[in-house]
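Peer 1: everything below, folded, please.
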Amino acid sequence: MADVTKGYKGKAGELLKKMKVRVWSEVEIKTTRGDFSGILLPRPENDDDLHIVLKLITGYNIGIGVDTVQKVIEKGYKEANYKIPEKEFPSTKGKPNVKLIGTGGTIASRLDYRTGAVIPAFSPGELYGAVPELAEICNLKTEKLFAVFSENMGPSQYMELAKAIGREIENGIDGIMIGHGTDTMHHTAAALSFMVQNPPVPIVMVGSQRSSDRPSSDAALNLIHAAKTAAESDIAEVMVCMFGPTSDQYGLLHRGTRVRKMHSSYRSTFRTVGDVPLAMVDRQKITPIKTDYNHRRNDRKVNVIPFFEERVSLLYYYPNMHPDIIDSLVEKGYKGIVIAGTGLGHVNKPVYPAIRRAAEKGVAVYMTVQTLWGYVQMFVYDTGRDLMNMGIIPAENMLPEVAYIKLAWVLGQTNDPEKVKELMLNPVCGETTEREPYNGYLVFQGGIPEVEEFIKCIHK
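Peer 2: Numbering: from 1, shown residues only. Purely as a prediction, here's the structure:
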């Protein structure tokens, strides 16, 4: 019975020995909270000894408290192999050549039940084994540039990634995919939009909200949609390609400077804010929504501008904010501050002197709105006019995170206040727009009769 305590210890290990069941067994577990059937999985070695882990027939894993277990019955046994099969990725003459650059996001993955960690599949062979449909779309090569969680992506990675993209374009690639964790994907998308300008091919960022071992994983379909976009799309911009609706109907292509992650776990987490997405994509076609985009070209020209000033901060204003927050940034040598203000771009009066001191010391201070949708309008109230007189510059309808990324990119090139202002306020890749379309702001409120009636038509 050597397999019994694989990964289990303490109370959980003693329970399995007592019940004479093995890890990887098909079991029926009777508990004080009901009966459960599935595969008994190894327990991640760093977890507690108070639960056993069961993979249900639906594919989801649950933890069952040892103290609730009344009986465990072994129905069968077959040790599972969760390694993704690897096959040689076929190369087909005439198909577009696509490069997938990895940063550490788990596009296709398996679960290591020893540690509980998700292990990414990344080589062409692994990806072909996991998502064979990719071979129908393109010839694929991969390069693992980094292996970091998305929260650890930063200036050095942005700049190295931009340079790598430039090299691939110069070498003749037909499209580029970037595998990335979803948490900060919109930050990286903004950085690459400024650092890689006027590319001749699509640059598509893709990730997954749910790992590949889950039945509801979006990994494979996101990868298929991204590959099709990189290989065939006429849109030659930095884009984020993720689920459109929560179903498997289609993906959306979001411009890298107008996109934001809006939900912690939904598969349809990415939204274009203050505009409409660039296009829809499914297995068969790419359907443009916008017409004003950078088109694919046959040349190999691209303008790579890999600069980033690290001493830039993004402040989310809140009532009772104290001036010492701004003063401390100035004292620490920060060169730029982006404020996400209330309403049309406001902060409270106690921080006014700190803002004035920052501006007088040459710190670039820009105002955005924490509402996300809408424009900074600092001429409407005395508050806004006073702030502008102190040196704050309104950043139009730039999203706060995008304004932060752009200011860091600009300050990486120049400290001249007028040049900084010129670069900040002249749009590079759709980060500001002359107006927001009427359908660029849609936030439906559940429970309202007309909204519920509409939802019935699309959510079945």
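
Peer 1: helix or strand for residue 376, which one?
Peer 2: Assigned by DSSP states H and E, residue 376 falls within no helix or strand.

Peer 1: how about the nearest residue to residue 283, chain neighbours excluded?
Peer 2: Excluding the flanking residues, the one nearest residue 283 by C-beta to C-beta, 6 or more residues apart in numbering is residue 224, at 6.3 Å. Backbone N, C-alpha and C define where each C-beta goes, glycine included.

Peer 1: tell me the secondary structure at the one you found.
Peer 2: Recorded secondary structure, residue 224: helix (DSSP: H, G, I helix; E, B strand; the rest coil).

Peer 1: that one and residue 136 touch, don't they?
Peer 2: No: using C-beta atoms under 8 Å, residue 224 is not in contact with residue 136, being 9.1 Å away.

Peer 1: centroid-nearest residue for the chain?
Peer 2: The centroid of the chain falls nearest to residue 182 when counting by C-alpha atoms, centre = their mean (2.2 Å).

Peer 1: test my guess that that residue contacts residue 207.
Peer 2: Yes: between residue 182 and residue 207 a contact is recorded at 4.5 Å, counting by C-beta under 8 Å.

Peer 1: contacts only, for the residue nearest to residue 283.
Peer 2: Residue 224 makes contact with 131, 133, 134, 137, 283, according to C-beta atoms under 8 Å, 6 or more residues apart in numbering.

Peer 1: residue 157: which element?
Peer 2: Using DSSP H and E, residue 157 sits in helix 155-170.

Peer 1: next one: stretch 251-263 to chain centre, how far?
Peer 2: The chain centroid and the centroid of stretch 251-263 are separated by 9 Å, computed with C-alpha atoms, centre = their mean, to the nearest Å.

Peer 1: buried sites along that stretch?
Peer 2: Within stretch 251-263, the residues that count as buried by 16 or more other C-beta atoms under 10 Å are 251, 252, 253, 254, 255, 256, 257, 258, 259, 260, 261.

Peer 1: narrow these to those in helices?
Peer 2: Among these, DSSP state H puts none in helices.

Peer 1: which pair of those residues spans the longest distance?
Peer 2: Within the buried residues of stretch 251-263, 251 and 257 form the most distant pair, 18.8 Å apart (C-beta to C-beta).

Peer 1: okay, and the beta partners of residue 71?
Peer 2: In this entry, residue 71 is beta-bridged to residue 30, by DSSP bridges.

Peer 1: what about the helices in the protein?
Peer 2: 10-19, 124-130, 155-170, 185-195, 219-232, 324-331, 352-360, 382-390, 400-411, 417-425, 449-458.

Peer 1: rewinding a little: tell me who's in contact with the residue nearest to the centre of the chain.
Peer 2: Residues near residue 182 by C-beta under 8 Å, 6+ apart: 105, 150, 207, 208, 209, 242, 261, 269, 270.

Peer 1: out of these, which comes closest to residue 409?
Peer 2: residue 150 (18.9 Å).

Peer 1: go ahead and confirm that closest one touches residue 186.
Peer 2: No: counting by C-beta under 8 Å, residue 150 stays clear of residue 186, with 10.1 Å between them.

Peer 1: weakest of the helices of the chain by average pLDDT?
Peer 2: Of all the helices of the chain, the minimum mean pLDDT falls on helix 124-130 (a mean of 69).

Peer 1: quick one: the residue nearest to the centre of the chain from residue 188, how far?
Peer 2: Distance of residue 182 to residue 188, computed by C-beta to C-beta, to the nearest Å: 11 Å.
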